[in-house]
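Visitor: Generate a structure from the sequence data that follows.
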Amino acid sequence: MNLNFFILLFITSNFVFGQENQLYTKKEYVLLEYDLVEYFNNKAIKGNKIDFSYTYKKNNFAFSSKQNLEKFKANPEKYLPQYGGHCSYAMATLGKKVSPNPGVFEIRDGKLYFFHRQKGKENWQNGDTKALKQQADSNWSKIILKN
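Guide: Purely as a prediction, here's the structure:
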């Protein structure tokens with residue numbers, strides 16, 4: 001096999017598998033126990049960690065209903081936030097993890113993005129979103145590769 005193939009395989013596996021420990025977690029739950037599925041209904045709703053909890057790739061998630069828990073189990077990658085749930089605008093402009101505000105989010109092209117505050121979301125939406133996303137993607141991949 002070709003050396004370039006192994007290098008690409010190593011980088012890709014680090015990028016994919018390194019993300020599991022990069023999700024924004026507080027008090028042992030991703031996104032402060034908010035239900036990731038509800039964001040796709042344009043709602044920020046706290047989950048019930050007692051009745052509707054699930055562990056995926058070493059991360060704990062809470063859901064507001066059994067239906068949302070089952071939706072997540074069926075396709076967890078669909079609901080995982082971009083940049084581990086850290087502020088998307090900060091990832092693009094600062095290249096670092098900044099804590100999100102669970103109430104400030106956007107669904108764009110079927111992906112979930114969080115922001116530290118409303119102003120960051122507005123800057124993201126009113127700026128060159130494509131360029132900001134490309135820069136955030138690039139910065140996030142550097143963070144993933146470091147870990």
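
Visitor: all contacts plus neighbour counts: C-alpha atoms, from now on.
Guide: Fine.

Visitor: domains for this structure, by residue range?
Guide: Listed by automatic domain parsing, the domain ranges of the chain are 22-78, 81-147.

Visitor: Distance from the longest one to the middle of the chain?
Guide: It refers to domain 81-147. 9 Å (Cα atoms, centre = their mean, to the nearest Å).

Visitor: now swap in the shortest one and tell me
Guide: From the chain centre to the centre of domain 22-78 is a distance of 12 Å (Cα atoms, centre = their mean).

Visitor: What helices and strands are in contact with the helix or strand where residue 90 lies?
Guide: Using DSSP states H and E, the element containing residue 90 is helix 88-93. Judged by 3 or more Cα pairs under 8 Å, 6 or more residues apart in numbering; DSSP states H and E, the packing partners of helix 88-93 are strand 111-115, helix 118-126, helix 129-146.

Visitor: Now do the phi/psi pair for residue 56.
Guide: With angles defined as degrees, to the nearest 10, residue 56 sits at phi -130, psi 120.

Visitor: Leaving out chain neighbours, which residue sits closest to it?
Guide: residue 76 (7.9 Å; Cα to Cα, 6 or more residues apart in numbering).

Visitor: Look up how far residue 65 lies from the one you found.
Guide: Distance, residue 76 to residue 65, using Cα to Cα, to the nearest Å: 15 Å.

Visitor: Then residue 27?
Guide: Residue 27 is 20 Å from residue 65, by Cα to Cα.

Visitor: Tell me the confidence at the residue nearest the centre of the chain?
Guide: Nearest residue to the geometric centre of the chain (Cα atoms, centre = their mean): residue 81, 2.4 Å. Here, the pLDDT recorded for residue 81 equals 98.

Visitor: Correct me if wrong: it contacts residue 115.
Guide: No: between residue 81 and residue 115 there is no contact under Cα atoms under 8 Å: 11.0 Å.

Visitor: Nothing else from me, thank you.
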